[in-house]
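Asker: Show me how the following folds:
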Amino acid sequence: MRRGVIFTTVLLLGLAATASADTPTLTLTTNGVTCYTTSGGDVIVEIDFSQTVPTADEILGGQFFLDYDTTKLTFSSITTGDSPFTRQVYVDTGTAGKIGYAVGIPNGPPNGYSGAGPISMATITFTAAAEVCDTAGLVTFRDTSTLPYDTRLTKKDNSGHGVPLAVSVLNNLSAITLDWSDPTASNPAPVTVECIGDVPAVDILVVTDEADNCTAAPVVAWVSDGPLTGGACGGTITRTYSVTDDCLNSINVTQTITVDDTIDPTFDLPGDITRNADAGGCTLTLTAGEIGWPSNLSDNCSATGDITVTWTRSDAATNLDDPFSGTTTITWRVEDECGNYETNVTLTVQTITVLAFNTFVIDVQLEGDLYDPNAGSGDTITRCILFEFDCNVSVPVWDTEVLVTFSVDDDGTNGYSTMSPAQLVVDLPCGSYTCVTAEDELHSLRVTLTPSISGGEWVASFTVGNMLTQGDLYDDNLVDIVDFGTFIAEWGWTGSTSTTCSTAWPHSDIDADGAIGSADYAFIASHFLWIGDLDCCGSRDAFEPLMSITVRELVALGLPEWVDLTGDGVLDSDDIVAFMNGTVPEIVDPSGVGSDKAELNDLESEYDSPEAGFGGR
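Answerer: Next up is the predicted model:
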């Protein structure tokens with residue numbers, strides 16, 4: 001298309017170029033727009049005029065010859081510029097890639113432009129045809145050195161006529177980018193954490209492969225975190241990042257963060273319990289406090305108050321503290337909010353073992369003053385105590401000999417004093433008990449009690465009011481003339497103050513002073529003719545205490561004949577009187593006394609019968 005060629009030639013080229021003190025400049029500009037992001041979108045290029053030294057000269061118009069890159073731009077239109085350059089004089093766009101254009105001022109002189117600029121003299125519209133990155137010179141002033149016409153301006157001279165003005169500086173179009181392709185990037189690797197509090201902080205570095213056709217380093221930025229969907233026990237959070245190039249083309253990538261608590265809570269298991277059954281039966285009742293409860297609860301995600309504790313008993317009991325029997329396990333389940341709980345039996349199972357025994361707590365005390373040999377503390381003696389429990393027809397259900405240690409400390413001094421009770425604990429087969437007996441077979445009568453229950457244990461107290469009465473040296477549950485004879489048979493003996501459960505009969509050192517003398521006789525005298533309690537079967541060892549016995553009968557019982565202090569062939573009250581008046585036997589080694597107690601006990605049974613003829617029995 002060609003118009004106004006004659007005018008242009010006359011107007012712009014009719015006169016020779018004149019010199020000017022100004023520095024007139026023409027610039028192809030997009031007015032700061034460097035990126036175009038739409039394929040086929042408009043690319044607006046202005047031809048701007050400016051001069052560095054404004055003068056009174058006025059610019060009346062200009063002609064321009066341009067080239068453009070047809071592979072990247074498609075010509076659309078060209079229009080006049082800003083006022084006063086609003087008169088199109090000439091246009092030639094018939095050849096692809098080339099533009100010829102002239103513009104002037106309506107009505108010509110005397111109107112003109114004398115400002116510094118920049119001011120648009122023409123506006124060219126292209127459409128973006130293909131992408132190109134940061135490339136200058138897509139539109140340039142044509143090299144017209146071989147042409148009859150070149151790009152130049154027209155200014156008004158002093159006479160008011162238009163004269164040509166050479167352009168000092170021609171600035172081609174600076175670098176622009178035609179880019180409508182989005183950057184590329186992969187979604188960041190998914191992350192799985194245990195707790196909501198473990199969700200990692202935003203980190204743009206998780207996007208590792210961002211790339212763009214034009215931008216060397218697209219910008220990665222965090223956009224948002226979505227809500228936790230599905231809860232803290234397998235839910236997800238979608239974290240979004242944007243990837244943006246220099247032309248603000250952008251894509252979003254997403255990272256999936258899974259919150260899934262799979263770790264079991266921890267706790268301290270209550271300890272196993274092994275106990276005897278409660279007195280009176282074969283079951284055991286424990287309080288909740290005795291059973292215990294899981295302690296030191298901890299979880300990686302749940303607060304302690306959100307951890308639940310449940311239990312299951314192997315015997316299917318519905319209450320934790322229901323009575324136990326045999327071996328019972330309690331499986332503890334400590335569960336967090338996500339249903340995680342430990343299943344390892346060594347960490348979750350508590351074992352309650354009820355032994356098939358009842359505990360008997362027995363306090364026992366020997367009657368009378370015993371000898372404390374030292375002023376210091378810690379003095380003791382031992383005595384073998386026989387305990388019998390209940391009755392089965394004619395024999396005890398259970399009996400046991402226990403070596404009991406008694407304290408004989410006398411308040412920091414030596415001498416005689418009442419001993420303190422000793423306490424012992426005996427395990428018996430579980431069940432009901434209505435009777436218990438105790439006796440020191442070498443020294444005391446039998447005492448029979450009905451046990452009671454306290455704190456799940458059987459208790460029996462052979463103490464004040466039920467102490468073991470001493471003086472029965474012959475072990476027939478009587479204190480009589482035979483015990484006096486036994487005492488006389490050992491007169492003057494010295495030896496151990498203690499006995500064991502294997503100490504042979506007799507042992508007449510009742511007061512535990514290591515010698516047999518009048519202090520031991522005092523026990524016999526004070527309890528003479530006393531009878532011990534019946535056993536649990538309602539029997540006693542002998543019928544009645546003896547006031548006298550023949551020497552023949554004494555010898556048959558294992559006692560020497562010289563215990564007859566009066567020499568009248570009978571051991572009776574006369575011998576007691578004689579002893580009290582100072583008559584004592586000649587010291588004889590008593591080691592042979594009672595050498596065969598089993599045989600002698602058989603003889604005593606014969607003498608204990610009504611046919612034996614024991615006087616006073």
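Asker: Could you pull out the buried residues of stretch 166-175?
Answerer: V167, L170, L173, S174 (16 or more other CB atoms under 10 Å). For every residue, glycine as well, the C-beta is placed using N, CA and C.
Asker: residues contacting the closest residue in space to A288 that isn't next to it in sequence?
Answerer: Leaving aside its sequence neighbours, A288 sits nearest to D321 (CB to CB, 6 or more residues apart in numbering; 5.2 Å). Contacts for D321 (CB atoms under 8 Å, 6 or more residues apart in numbering) come out as T285, L286, T287, A288, I291.
Asker: so which of these is the most crowded?
Answerer: Counting neighbours by other CB atoms under 10 Å, L286 leads the contacts of D321 with 19 neighbours.
Asker: Can I take it that it is in a helix?
Answerer: No. L286 sits outside any helix when classified using DSSP: H, G, I helix; E, B strand; the rest coil, being coil.
Asker: Settle this for me: it is touching V354, isn't it.
Answerer: No. With contact defined as CB atoms under 8 Å, L286 does not reach V354; the gap is 9.5 Å.
Asker: picking that back up, which of the three states applies to the residue nearest to A288?
Answerer: Following three-state DSSP, we place D321 in the coil state.
Asker: now it: how far from I330?
Answerer: Distance, D321 to I330, using CB to CB, to the nearest Å: 11 Å.
Asker: again, but for L529
Answerer: Counting by CB to CB, the gap from L529 to I330 is 60 Å.
Asker: Looking only at neighbour counts, state which of these two leads.
Answerer: A direct count of neighbours by other CB under 10 Å for L529 and I330 places I330 higher, at 23 against 13.
Asker: still on that earlier bit, find residues that contact each of L286 and V354.
Answerer: Listed contacts common to L286 and V354 are R275, F324; contacts here mean CB under 8 Å, 6+ apart.
Asker: Show me where the stretch 201-350 of the chain has its strands.
Answerer: For the stretch 201-350 of the chain, the strands defined by DSSP state E, counting those that start in this stretch occupy 219-225, 233-244, 250-260, 266-268, 273-277, 295-298, 308-313, 327-335, 349-364.
Asker: Can you tell me what sits against the fourth one?
Answerer: To tie it back to what came earlier, the one meant is strand 266-268. Counting by CB under 8 Å, 6+ apart, P294, S295, N296, L297, S298, D299, W332, V334, E342 sit against strand 266-268.
Asker: The fifth one: neighbouring residues, count only.
Answerer: Right, S298. For S298, the neighbour count with other CB under 10 Å is 13.
Asker: Do you know the pLDDT at the closest residue to it other than its chain neighbours?
Answerer: Take S298 and drop its neighbours on the chain: the residue closest to it by CB to CB, 6+ apart is T266, 5.0 Å away. For T266, the model assigns a pLDDT of 97.
Asker: Ok, W493 next?
Answerer: Confidence at W493, expressed as pLDDT, is 89.
Asker: Quick one: low-confidence residue ranges for the stretch 1-150 of the chain.
Answerer: Counting by pLDDT under 70, the stretch 1-150 of the chain has low-confidence residues at 1-22, 54-57, 108-110, 144-149.
Asker: V220 bridge partners, please.
Answerer: The partner list for V220 in beta bridges (DSSP bridges) reads V243.
Asker: wait, it sits on Y241?
Answerer: Yes. V220 is within contact range of Y241, at 5.7 Å (criterion: CB under 8 Å).
Asker: The buried residues of stretch 166-175 into TSV, with extra columns for secondary structure, pLDDT and distance to W491?
Answerer: As requested, the buried residues of stretch 166-175 are exported to TSV (DSSP: H, G, I helix; E, B strand; the rest coil; pLDDT from 0 to 100; distance: CB to CB, whole Å):
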residue	secondary structure	pLDDT	distance to W491
V167	coil	88	157
L170	strand	94	153
L173	coil	97	145
S174	coil	97	141
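Asker: Distance to G368 added to those, as a markdown table?
Answerer: As requested, the buried residues of stretch 166-175 are exported to a markdown table (distance: CB to CB, whole Å):
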| residue | distance to G368 |
| --- | --- |
| V167 | 144 |
| L170 | 140 |
| L173 | 132 |
| S174 | 128 |
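Asker: Need the max-distance pair from the residues you listed.
Answerer: Spanning the widest gap among the buried residues of stretch 166-175 are V167 and S174, at 17.4 Å by CB to CB.
Asker: Nearest to N111 among the contacts of strand 266-268?
Answerer: Using CB to CB, the shortest approach to N111 within the contacts of strand 266-268 belongs to D299, at 87.5 Å.
Asker: Contacts only, for the closest one.
Answerer: Going by CB under 8 Å, 6+ apart, D299 touches I263, P265, T266, D306, I307, D336, N340.
Asker: Could you identify which of those has the most neighbours?
Answerer: Among the contacts of D299, P265 has the most neighbours (other CB under 10 Å), with 25 neighbours.
Asker: From A422, how far off is that one?
Answerer: Separation of P265 from A422 (CB to CB) stands at 50 Å.
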